[in-house]
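> Structure, please.
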Amino acid sequence: MYFTLAKIQNSLSYLGNLHPFFGITYLVCKKGQLPIGRSKHFPINREEADFLTKYYKPDVTSKFYFQPFRTSAGRWLSPKYPSSGSQSTRTRGDFEKAFIHEKNTDLWGWSRDYVKVLKAKLARDNTTSIPGFWLAVWLFREKNWPNTTNPTTIIDSLLSEFSINEEERRELFDLSVPDSALDRLLDEKPGTSRELLSIIGRPPDALPEVGGTLRYLELVGIGPTKSLKFSPGDRLTVITGDNGLGKTFILECAWWSLTGTWAGPQAFPISQGQEKIDPKITFEISAGQTASQKKTIRYNWETQRWPEAKDRPTIPGLIVYARVDGSFAVWDPVRHLQLETPFDGRNPLLVFSRDAVLDGLNGKIEGLLRDWVKWQHSPDQSTFDTFRAVMRQLSPPDMSPLEPGESMRLPRESKEIPTLQHHYGPVPFPHESAGVRRIITLSYLIVWAWNEHRIYSALAKKAPQKKLVILIDETEAHLHPKWQRAILPSLLDVTTILSKEIQPQMIVTTHSPLVLASLETVFSQAEDKLYHLHLADSGDVEFKELPFIRLGSVDDWLTSAVFELKQPRSREAEDAVETAKNLMAQNDPEKDDIVSVTDQLRRTLPAEDVFWHRWAYFVERKGISI
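Model prediction:
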């Protein structure tokens, strides 16, 4: 049995006011059975280093020690601490009189009144005593205890382990059992180092974790809004709103926050009236394993750019960004970790124009036209099978599945061109419709990025990433309504074709009520979110999360807060219906007004429109024949 993670976390708060001497040097000397009233050879620096390694090194890959005690210099102690900071504490100030020590030797012993000296130090620090139970919880956090263990047993183990004598117990320690120690003390399984690091943070020399997703984005002084806060869902986030309010801008800033590079022109601060606003971008990337930290980057007016975010604790997993202009951006953490500095900006060519995606670019990518043919004719068909499966998954529902045909040569082309097989025959890919080309290109980039990531991971002797972030601007672009109603649910499942272990985070924008309606059976309240950009009457752009409510009819989606139409009709018909409703609300409307509105309705509404029933009933009650 092991201490629960909650108990270990509790110990940190109870030890936070104690001087580190009592949790480190004092215990080292007790463990080494330092004599009282005389000295002996005792290599205290080495003994303290061994002690710190055993009890204060929650991250065994780090050179740093973690101390939970009172500090003004940070919790993580340098590897030099035993011979520098701790040595200084022992040989000067309040603790010097507790020792018998000849300078420049390893002769150490307790002075005869050391307990009195230490007790006086506790009093001066406004610390009444050493919390025995909580110190034991921290020190013995990895120990496997019998299931009969109780708090008293734990305190006795501390006293025995460090040979704490009766005077020390009485004068220096609080050996009572805290009330909070009585509830759920032990667990069957020990907490992992990752779980502990998620509480205490990571050491200064820790390598950045790989495999993060975007957890938080805040924009101040840039874009259409004065201030915007965005917390994406774990799986799917949909951003809606009118043109020009910032949907694409949010995706661009999300990409920059994740990768440290701009996929297009960098965001530029804009004037916010007479207010003085400090332009900044704050973001948080989390791998879900250790505590994530927010990073704030302020715009540098002197250099006219956004500085790089250095010392990132977490870098993202694989990212694919489908931009609305047909260009794509791909970011692979394995490639970037091979640079001297992962975010040194030396690899901007993972942003591909529409032409580069098709025809390749400077050895960075072969391009869809070449890769498709190469995969199709390769002896190893695994990549092509994946590509074909992704195409089928994303196929439009009213057509036969998108199926590769045999490649062919076209006039004035020096290479084979892939084709799609339709019921009426093969069609060369460049001749396909805009919607088919976009979805096939998205399929290719997802498969290409994953395939390249697997290759680079194998070369680096690393396991492929489990986190895949997909950003898509205007998901419905070029798609028929039937396809709009199917594309997002299909995309949510497409990553399982690549690997069943992939955990996707998808952030998309849309103008389509059909896209929202398509999510009614797959939207997860726990993992997914819906955001909306709205132009308020004040002229300010507001950005807020909306609850996802199943509305059923596409008409109801159009008139919801997501799309803000008053009527699911033409603008002229909407004006006519709204005018009619206002007239119906009057106590005594004029006959001429009723006749005029009736004519307006006849010009704009079809005879089968449901509003005619309401209007006919209203007119009949007023005694007017229409």
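> Show me what counts as buried in stretch 359-372.
Buried residues in stretch 359-372, counted by 16 or more other C-beta atoms under 10 Å: 360-361, 365-372. Placement of C-beta: from N, CA and C, glycine included.
> typed the wrong thing, it's stretch 157-169
157-159, 162, 164, 168.
> Secondary structure, distance to residue 451 and pLDDT for these - can I get that in JSON lines?
Conversion of the buried residues of stretch 157-169 to JSON lines gives the following (DSSP: H, G, I helix; E, B strand; the rest coil; distance: C-beta to C-beta, whole Å; pLDDT from 0 to 100):
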{"residue": "157", "secondary structure": "helix", "distance to residue 451": "55", "pLDDT": "95"}
{"residue": "158", "secondary structure": "helix", "distance to residue 451": "55", "pLDDT": "95"}
{"residue": "159", "secondary structure": "helix", "distance to residue 451": "60", "pLDDT": "95"}
{"residue": "162", "secondary structure": "coil", "distance to residue 451": "57", "pLDDT": "95"}
{"residue": "164", "secondary structure": "coil", "distance to residue 451": "61", "pLDDT": "96"}
{"residue": "168", "secondary structure": "helix", "distance to residue 451": "65", "pLDDT": "95"}
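> now, which of those sits nearest residue 591?
Nearest to residue 591 among these is residue 158, at 95.0 Å by C-beta to C-beta.
> my guess is the closest one meets residue 139, correct?
Yes: here residue 158 lies in contact with residue 139, judged by C-beta atoms under 8 Å, at a distance of 7.0 Å.
> Please list the outside residues in contact with the helix or strand encompassing residue 530.
Per DSSP states H and E, residue 530 falls inside strand 528-535. With C-beta atoms under 8 Å, 6 or more residues apart in numbering as the test, strand 528-535 has contacts from 224, 230-242, 245-247, 516, 519, 523, 541-548, 561-562, 564.
> Just the buried subset of those residues, written out for PyMOL, thanks.
Per 16+ other C-beta under 10 Å, the buried members of these correspond to this PyMOL selection:
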select buried, resi 224+230+232+233+234+235+236+237+238+239+240+241+245+246+247+516+519+523+541+543+548+562
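> Now, the contacts of strand 528-535 that are in helices?
Judged by DSSP state H, helices contain the following of the contacts of strand 528-535: 247, 516.
> ranges for the helices of the stretch 251-400 of the chain?
Ranges of helices in the stretch 251-400 of the chain, per DSSP state H, counting those that start in this stretch, are 333-337, 354-359, 368-377, 382-393.
> Leaving out sequence neighbours, find the closest residue to residue 137.
Of all residues not flanking residue 137 in the chain, residue 11 sits nearest, at 4.2 Å (C-beta to C-beta, 6 or more residues apart in numbering).
> Surely that neighbour is in contact with residue 140?
No: between residue 11 and residue 140 there is no contact under C-beta under 8 Å: 10.2 Å.
> Which one's more surrounded, those two?
When neighbours are counted by other C-beta atoms under 10 Å, residue 11 comes out ahead of the other of residue 11 and residue 140, with 21 against 17.
> Please list all residues in contact with the more buried one.
68, 134-135, 137-138, 141.
> Quick check: longest strand in the chain by residues?
strand 209-220 (DSSP state E).
> For this structure, give me the ranges with low pLDDT.
In the predicted model of the chain, residues 271-276, 289-292, 337-349 satisfy pLDDT under 70.
> how does the protein divide into domains?
Structurally, the chain divides into domains by automatic domain parsing as follows: 2-200, 209-558, 571-621.
> ok, back up a step: out of the contacts of residue 11, flag the one nearest to residue 428.
Nearest to residue 428 among those is residue 141, at 65.0 Å by C-beta to C-beta.
> Going by neighbour count, which residues in the longest helix anywhere in the chain are buried?
Longest helix in the chain, counting residues (DSSP H): helix 434-459. By neighbour count on 16+ other C-beta under 10 Å, the buried set for helix 434-459 is 435-454, 456-457.
> Which neighbouring elements make contact with it?
Applying 3 or more C-beta pairs under 8 Å, 6 or more residues apart in numbering; DSSP states H and E, we find helix 434-459 packed against strand 318-322, strand 328-331, helix 333-337, helix 354-359, helix 368-377, helix 382-393, strand 467-472, helix 481-498.
> what about 6 Å?
Contacts defined by 3 or more C-beta pairs under 6 Å, 6 or more residues apart in numbering; DSSP states H and E place helix 434-459 against strand 318-322, helix 333-337, helix 382-393.
> okay, the ones you listed, which one's buried deepest?
strand 318-322 (a mean of 25; mean count of other C-beta atoms under 10 Å).
> what angle do it and helix 481-498 make?
Angle, strand 318-322 to helix 481-498, by axes from the mean of the first three to the mean of the last three C-alpha atoms, to 10 degrees: 160 degrees.
> Need the contact partners of strand 318-322.
With contact meaning C-beta atoms under 6 Å, 6 or more residues apart in numbering, strand 318-322 is reached by 255, 258, 328-332, 442, 445-446, 449, 453, 465, 468-472.
> Looking at the buried residues of stretch 157-169, which is nearest residue 293?
Set against residue 293, the nearest of the buried residues of stretch 157-169 by C-beta to C-beta is residue 158 (33.5 Å).
> what residues are up against the closest one?
Counting by C-beta under 6 Å, 6+ apart, residue 158 makes contact with 132, 136.
> hang on, the earlier thing: redo the helices of the stretch 251-400 of the chain as a markdown table? Include distance to residue 115.
Rendered in a markdown table, the data for these read as follows (distance: least, C-beta to C-beta, whole Å):
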| stretch | distance to residue 115 |
| --- | --- |
| helix 333-337 | 53 |
| helix 354-359 | 75 |
| helix 368-377 | 76 |
| helix 382-393 | 71 |
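> Mind telling me the two of the buried residues of stretch 359-372 farthest from one another?
361 and 372 (16.0 Å).
> related to what we said a few turns ago, so which of the contacts of strand 528-535 are in strands?
The members of the contacts of strand 528-535 that map onto strands under DSSP E are 230, 236-241, 541-546.
> Show me which pair in those residues is furthest apart.
That would be 236 and 541, which, of these, are the farthest apart (C-beta to C-beta) at 23.2 Å.
> Could you measure from residue 397 over to residue 293?
44 Å (C-beta to C-beta, to the nearest Å).
> Check residue 237 too.
Here residue 237 is placed at a distance of 21 Å from residue 293 (C-beta to C-beta).
> Also residue 153?
Residue 153 is 38 Å from residue 293, by C-beta to C-beta.
> Check residue 327 too.
Distance, residue 327 to residue 293, using C-beta to C-beta: 31 Å.
> Settle it for me: which of these two has more neighbours?
residue 327 (17 against 14).
> Surely the more buried one and residue 356 touch.
No: between residue 327 and residue 356 there is no contact under C-beta atoms under 6 Å: 7.9 Å.
> Can you work out which residues contact both of these two?
With contacts defined as C-beta under 6 Å, 6+ apart, no residue is shared by residue 327 and residue 356.
> on that earlier part again, does the residue nearest to residue 137 belong to a helix or a strand, and which?
helix 5-15.
> Thank you kindly, that will do.
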